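Visitor: prediction below, plus the sequence it came from.
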Amino acid sequence: MVNAAIISLGSTSSQWTYEAMKNYFDEVDNLQLKDMEISFSGDKSEVLYRGETIKRYDCIFAKGSFRYAQLLESLTAVLERGCYMPIRSTGFTVGHDKLLTQLSLHQAGVPMPTTYQVSTIEAAKNLMEKLNFPLILKFPNGTGGKGVLYADSVVVANGILDALSALRQPFLIQEFIDTGGRDVRAIVVGDKVVAAYQRVASKKEIRSNIHSGGHGEPISLDAHTKQLCVKAARAVGADMAGVDLMISHRGPVFLEVNLSPGLQGVVSTTKIDVPDKIAEFLFTQTKARNEEIGKEKSQQIFQELEENSEHEMITALEFKGNKIMIPQLITKLTQFNEHADYRFKAKKEYLEISRFDVK
Ligand SMILES: Nc1ncnc2c1ncn2[C@@H]1O[C@H](COP(=O)(O)OP(=O)(O)O)[C@@H](O)[C@H]1O
Ligand SMILES: [Mg+2]
């Protein structure tokens, strides 16, 4: 029995992923992120779902928006030792903050627009004097293109900075990448890009998000760009993600890694069943993890058994055709081998096997 849970805010994409997971796992629960609660006390930490201790799962896929980054981080930190999770717990605060994302991408050697962070509006204004326009000013946790501001002159930039200051809105400053309003969304699943499409901004926009009126077209990426997409997802600790990049004159530059990418745009544009790819990947990773742990456990039992002289084990018998298979643990323990002879003593409901030349 391999079971799983998806913990999300219940978006359409999450619903699709839940449905697809049911085709692979024996049991899947669809849990609402807003109904999760975490308690820490003494040396115990616990995750509650609707007031009850959360069930044990082989796989938990937790996702949500930046507003829930801290909840997601602590939730997954408490649960990640017990199951397979496609996103490392530390990934949530990084992935939901564009500045921390750029920092991680930079450290991983993934190409990106030159990005600046300053602590005060005055420092930003001073910096602007030295930079070339146009520039992008960006909120660290905007989504859907909201929070991306375009400044084509120092006059416009100063106006924006004053407004940001009045709103106490943190921001980062970024080199403007001119691609004629096009960017690429690639869906990374495991070590592959399973689908990618290009988003083209409407004539009145520089932001190509579908939410900002952009439209999608399929695109095929070269092997190098695909590799960088996988690297970008890994840089924030995700096995799966929606990666945003722009194909500039100096090659691909990476903007952000979405831990909970909307799937409608990519599915309708590419006709690729992305939820199925995600579900299949979650299942194979979970099975591999279970097998690994199973192996560790039997090794542990075997070591414990070896230390004693005689062992008893109660288990169902496995047959291959009409021959009995001896359990692996027992086979190992006996150190029986194919070169020696063995004596069988058998009657109804009884079997004894011993080495023939040993008294
Ligand atoms: N440095 C940049 N240069 C040019 N366009 C940009 C830049 N950063 C963002 N954009 C445009 O704005 C869109 C949204 O930016 P992004 O960083 O992905 O934030 P969001 O989370 O809002 O999608 C991008 O898809 C791209 O079209
Ligand atoms: Mg984006």
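Guide: Received it, and whenever you're ready, just let me know what you need. Numbers count the residues shown, from 1 in each chain. Ligands and ions are numbered 1, 2, ... in the order given.
Visitor: report the helix or strand with the lowest average pLDDT across this structure.
Guide: helix 328-334 (a mean of 82; mean pLDDT, DSSP states H and E).
Visitor: packing partners of the strand or helix carrying residue 343?
Guide: Taking DSSP states H and E as the criterion, residue 343 maps to strand 342-347. Using 3 or more C-beta pairs under 8 Å, 6 or more residues apart in numbering; DSSP states H and E as the contact test, the elements touching strand 342-347 are strand 350-355. C-betas here are computed from N, CA, C, even on glycine.
Visitor: how about the residues of the stretch 101-250 of the chain by ligand 1?
Guide: 113, 136, 142-145, 147-148, 174-177, 183, 206-209, 244 (C-beta under 6 Å from any ligand atom).
Visitor: check the residues you listed for burial and list the buried ones.
Guide: 113, 136, 142-143, 145, 147-148, 174-177, 183, 206-209, 244 (16 or more other C-beta atoms under 10 Å).
Visitor: the longest helix anywhere in the chain: which residues count as buried?
Guide: In the chain, with assignment by DSSP state H, the single longest helix is helix 274-307. Within helix 274-307, the residues that count as buried by 16+ other C-beta under 10 Å are 274-283, 285-287, 289, 305.
Visitor: which pair of the residues you listed spans the longest distance?
Guide: The span of those, defined through C-beta to C-beta, is set by 274 and 305 at 46.5 Å.
Visitor: tell me who's in contact with residue 194.
Guide: Counting by C-beta atoms under 8 Å, 6 or more residues apart in numbering, residue 194 touches 187-188, 272, 274, 277.
Visitor: ranges for the strands of the stretch 1-150 of the chain?
Guide: Listed in chain order, the strands found in the stretch 1-150 of the chain under DSSP state E, counting those that start in this stretch are 3-8, 27-32, 36-41, 44-49, 52-53, 59-62, 115-116, 135-138, 148-151.
Visitor: for the second one, give me every contacting residue.
Guide: Outside strand 27-32, the residues within contact range by C-beta under 8 Å, 6+ apart are 1, 3-10, 14-15, 18, 21-22, 49, 54-55, 57.
Visitor: same check on stretch 208-221?
Guide: Contacts for stretch 208-221 (C-beta under 8 Å, 6+ apart): 144-146, 181-184, 186, 193, 196-202, 204-205, 207, 229, 262, 265-266, 268-270.
Visitor: mind giving me the PyMOL command for buried ones among these?
Guide: Buried subset of these, written as a PyMOL selection, criterion 16+ other C-beta under 10 Å:
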select buried, resi 145+181+182+183+184+186+193+196+197+198+199+200+201+205+207+229+262+265+266+269+270
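Visitor: show only the entries of the contacts of stretch 208-221 found in helices.
Guide: 229, 265-266, 268-270.
Visitor: follow-up on the earlier one: by contact count, what packs against the least confident helix or strand of the chain?
Guide: Packed next to helix 328-334, using 3+ C-beta pairs under 8 Å, 6+ apart, are helix 274-307.
Visitor: just how off-centre is the helix it packs on within its chain?
Guide: 18 Å (C-alpha atoms, centre = their mean, to the nearest Å).
Visitor: quick one, it and strand 3-8 angle?
Guide: With axes from the mean of the first three to the mean of the last three C-alpha atoms, to 10 degrees defining the directions, helix 274-307 sits at 130 degrees from strand 3-8.
Visitor: got phi/psi on the residue nearest to residue 176 when sequence neighbours are not counted?
Guide: Spatial nearest neighbour of residue 176, excluding adjacent residues (C-beta to C-beta, 6 or more residues apart in numbering): residue 134 at 4.3 Å. When read as degrees, to the nearest 10, the backbone of residue 134 gives phi -70, psi 160.
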